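# Next one to model:
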Amino acid sequence: MAEEKRMVDTYKVTHAIHVGDREILFAVDEGKTDCPYMVCYCSWDNPLGIEQFFDAAGSDDYLEMMSEFTDRVQAQLEAVRSERDKITVPLSPFASEHCTPNDYGQSIENKVVVIRAERLRPEYRTADKQLVLAVGGFGAYANARGRAVYTVNLYSGKESRWNREDILGVLKPEYLPDWAKEQLKQILAERQAKHKKQVQER
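This next block holds a predicted model:
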């Protein structure tokens, strides 16, 4: 079976490199004599998780567009490196020995869980990206048929959706870092205050 071609409008993607929060694409449309080469970004940062293409640049000069492509890749590498340099907590990833196994017969709602390192992009396989609080979703329940688990990252506070199989297990209390304890208290307090306000407004 022939591999399906990835397209951006009428352009066929010939090179794609994913670094950090976006992917850089180089695409070709030989039918466009005035602008056969195109470079753009792609991300999935939306509720539906669908591809979004933006900041496209095109030319009839292959070398110009290939230079644009490599420049964008380098810029993304620098952005990720700068982001990592600002992290103030230990980065060593958590492994299975730090967790109780992901028991599908147990609820993980309101528990600190660990995202499997292999489910993260290579540049993000660090502790600050792994530790999350499971706050809901059908996949968080015991013996659930659903897969979705909604989480809050303990370091960044960012809300995300994962599948239950993306979770390595519940973090053992003795391995919860001090920085995560403080963040957890703050997140729980904020969620409680938000819930209380919603109840009062009903």
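# make it CA atoms for all contacts and neighbour counts henceforth
Noted.
# contacting residues around the residue of the chain positioned farthest from its centre?
The C-alpha centroid of the chain is most remote from T33, which lies 37.5 Å away (CA atoms, centre = their mean). By CA atoms under 8 Å, 6 or more residues apart in numbering, T33 lies in contact with D60.
# In three-state terms, label it for me.
coil (DSSP: H, G, I helix; E, B strand; the rest coil).
# any idea how far D60 is from it?
With distances taken as CA to CA, to the nearest Å, T33 is found 7 Å from D60.
# cool, V152 as well?
Distance from V152 to D60, by CA to CA: 45 Å.
# More neighbours: the two, which one.
More crowded of V152 and D60, by other CA atoms under 10 Å: V152, with 20 against 15.
# Would you tell me what helix or strand the more buried one is located in?
strand 148-153 (DSSP states H and E).
# list the buried ones in that strand?
A148, V149, Y150, T151, V152, N153 (16 or more other CA atoms under 10 Å).
# Could you do stretch 32-46 as well?
Those would be C35, P36, Y37, M38, V39, C40, Y41, C42, S43, for stretch 32-46 by 16+ other CA under 10 Å.
# what's the answer for stretch 64-71, then?
M65, M66, E68, F69.
# Please name the strands paired to the host helix or strand of V135 in the sheet, noting orientation.
Using DSSP H and E, V135 sits within strand 131-136. Strand 131-136 pairs in its sheet with strand 112-115 (antiparallel), strand 148-153 (antiparallel), by DSSP bridges.
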